[in-house]
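In: Sequence and predicted model, in that order:
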Amino acid sequence: MTMIEALVQLSDDELLRYARQVLLDGWDMDAQLRLKSARVVIIGAGGLGCPASETLVRAGVGHIHLIDDDEIEASNLQRQTLFLPDDIGKPKALTAAQMLTRINPLISAHGTVARLSEDNAYQLLDMATGKPDLLLDCTDNFATRDVINRISVRYQIPLLSASAIAMQGQLALFEPHLNTGCYHCVFGSVVLDEAADERTCANSGVLASTTAVMGNLQANAALQYLGLTKNPLTNKLLIWDGSQMQQRLMGYRQDPQCPVCTSH
């Protein structure tokens, strides 16, 4: 435990709420305290951001910041689980944050209506008060993910990146401070392919269960990383195929010619 974690205690309400989690083999009070102290920034409050943030909040992650510049549409309700029909037209980030605090009033959740960029990252990530413990990329296109990856490498913030489309998904947890590779090392050629970048949920479709599965796999990795200081995906890309009910891991290495992470 860090000094900050040592100063944090669980209240009686928290002990009751998280009792089943603390009973897990390999999970203890220190792990739960790490979650309570953790600060997570989630970019994208849509199909992935909703289930991922909800699970993190229910598990006791203490500080959640959602960043999204979009508004809720009727077509979002099929898979974006924090929203109701009455929310159509409202900002996703603010509405999701409000719902998260209703789900668990023992945590802190807030939203920012903005599009994250390299120019505004320092301000939006509140770097003046310290680095977030983890970035969750819950966006839906390669160009935006590439920007988030550059921010992760620039500020040396771990990045947990998920994607979901049709009945397939991918997940990876990059740790730039370990120089083990970044998003661009794995997907560099795809990021530069404009045709591939045009394939999103809006124009290609996505099954409701795909985002639910991938968002919760993302939350599962985040909880292990934050609570147990363990990366269950070290140098691994998880590939999930819902149509075949199959999941596999593919290894990757840092690209020695990567223009993003080898220069830091």
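Out: The structure has been received and is ready for your questions. Residues are numbered from 1 along each chain as shown.

In: drop to CA atoms for contacts and neighbour counts, all remaining ones
Out: OK.

In: can you map out the strands along the stretch 101-250 of the chain?
Out: 108-112, 134-137, 159-165, 168-174, 236-241, 246-251 (DSSP state E, counting those that start in this stretch).

In: what about those strands, which gets the closest to residue 91?
Out: Evaluated over the strands of the stretch 101-250 of the chain, closeness to residue 91 peaks at strand 108-112, with 9.1 Å, by C-alpha to C-alpha.

In: Remind me what the closest one packs against, helices and strands.
Out: Contact analysis of strand 108-112 by 3 or more C-alpha pairs under 8 Å, 6 or more residues apart in numbering; DSSP states H and E lists strand 63-67, helix 92-103 as its packing neighbours.

In: so where do the helices sit in the stretch 1-150 of the chain?
Out: 3-7, 12-17, 19-22, 29-37, 49-59, 92-103, 121-124, 142-155 (DSSP state H, counting those that start in this stretch).

In: Report the buried residues of the last one.
Out: By neighbour count, and taking 16 or more other C-alpha atoms under 10 Å as the criterion, the buried residues in helix 142-155 are 142, 143, 144, 145, 146, 148, 149, 150, 151, 152, 153, 155.

In: Export the residues you listed to CSV and append columns for distance to residue 253 and pLDDT.
Out: Below are the buried residues of helix 142-155 laid out as CSV (distance: C-alpha to C-alpha, whole Å; pLDDT from 0 to 100):
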residue, distance to residue 253, pLDDT
142, 20, 90
143, 21, 90
144, 22, 94
145, 19, 95
146, 17, 95
148, 19, 98
149, 16, 97
150, 17, 97
151, 20, 98
152, 17, 98
153, 16, 98
155, 21, 97
